[in-house]
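Student: Return a 3D structure for these sequence lines:
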Amino acid sequence: MNELYLFVKEGAQNEVWKREDSTRFFMDVKYSIQLLYGIADNSVARTDGWYFSHLGQYLERADKTSRILDVKYHILLPSVDEVGSPLDFLHWTALLKSVSGFNIYRRFYGRIDPVRIVELLVLNKYFPRSIFFCLTNAEICLRKLSGTSGKGYSNTAEKKLGALQSRLEYQDVNDVINEGLHEYLDGLQVEINKISDSIHDNFFTLNKTFVNQHNSQE
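Tutor: Sure thing, here's the model as predicted:
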């Protein structure tokens, strides 16, 4: 971890991203992070620390996937006239590659189709970067931390995450498109933020009774 930090720090000081071709630098950062993920996943005990780490990772990944998709929808194309053009094709391809999803997409769907890309990134049950996949695994981690088994929920965080995950499970891509992609993604981001707040309230905020008891003992 320290070596990666020093490598990125040096790259920042040298403004590597301003070079004509900074691909090698960013690929090294990407592979180093993947190496850290692999080491952590295969060597860290499955205790609360591991589940909290993965819970945060899945929620952040779901949020970032939604934002990457939203940016493409709003910013990358300067004109609607270019929709379906070679430039549009390149943008969607770059989007898939940015989430390591290009090869998986081609295997599942074949030719580039924006609707199918939305389906992959939002609702696919097997792609590790899809919002649905992340929420499903975040719920598993949260239940492990809460000690909840079976159906139902034991705290507000589980309730909110379970409700959002279940909603996505029974939606299809037409539901997303009909609502409006930006509006749908914006709503997801709000819900994910509420889930994060609930996790903080349930696991990291001291109970007022405990605080009062602690203060009375001093």
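Student: Spell out for me which residue occupies the centre of this structure.
Tutor: In the chain, the residue lying closest to the centroid (C-alpha atoms, centre = their mean) is Arg61, at 1.4 Å.
Student: ok, which stretches of this protein are helices?
Tutor: With DSSP state H, the ranges of helices along the chain come out as 2-13, 23-43, 48-71, 86-98, 102-109, 114-123, 131-146, 156-169, 173-179, 181-203, 208-217.
Student: Export these as a markdown table, with columns for mean pLDDT.
Tutor: Formatted as a markdown table, the helices of the chain follow (pLDDT from 0 to 100):
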| stretch | mean pLDDT |
| --- | --- |
| helix 2-13 | 76 |
| helix 23-43 | 82 |
| helix 48-71 | 94 |
| helix 86-98 | 85 |
| helix 102-109 | 94 |
| helix 114-123 | 94 |
| helix 131-146 | 96 |
| helix 156-169 | 96 |
| helix 173-179 | 93 |
| helix 181-203 | 95 |
| helix 208-217 | 49 |
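Student: quick revisit: so the residue nearest to the centre of the chain sits right up against Phe132, yeah?
Tutor: No - Arg61 is beyond contact range of Phe132, at 11.6 Å (criterion: C-beta atoms under 8 Å). For glycine as for every other residue, the C-beta is placed from the backbone atoms N, C-alpha and C.
Student: coming back round to it: which residue is the nearest non-sequential neighbour of the residue nearest to the centre of the chain?
Tutor: Cys134 (4.9 Å; C-beta to C-beta, 6 or more residues apart in numbering).
Student: what does Ala62 give?
Tutor: Per C-beta to C-beta, 6+ apart, closest to Ala62 is Cys134, 3.8 Å.
Student: ok, now which ones touch the one you found?
Tutor: By C-beta atoms under 8 Å, 6 or more residues apart in numbering, Cys134 lies in contact with 58-59, 61-62, 65, 128.
Student: Tell me how far it lies from Val8.
Tutor: Noted for Cys134: a distance of 25 Å to Val8, by C-beta to C-beta, to the nearest Å.
Student: check contacts around Ile117.
Tutor: Ile117 neighbours (C-beta under 8 Å, 6+ apart): 92, 95-96, 105.
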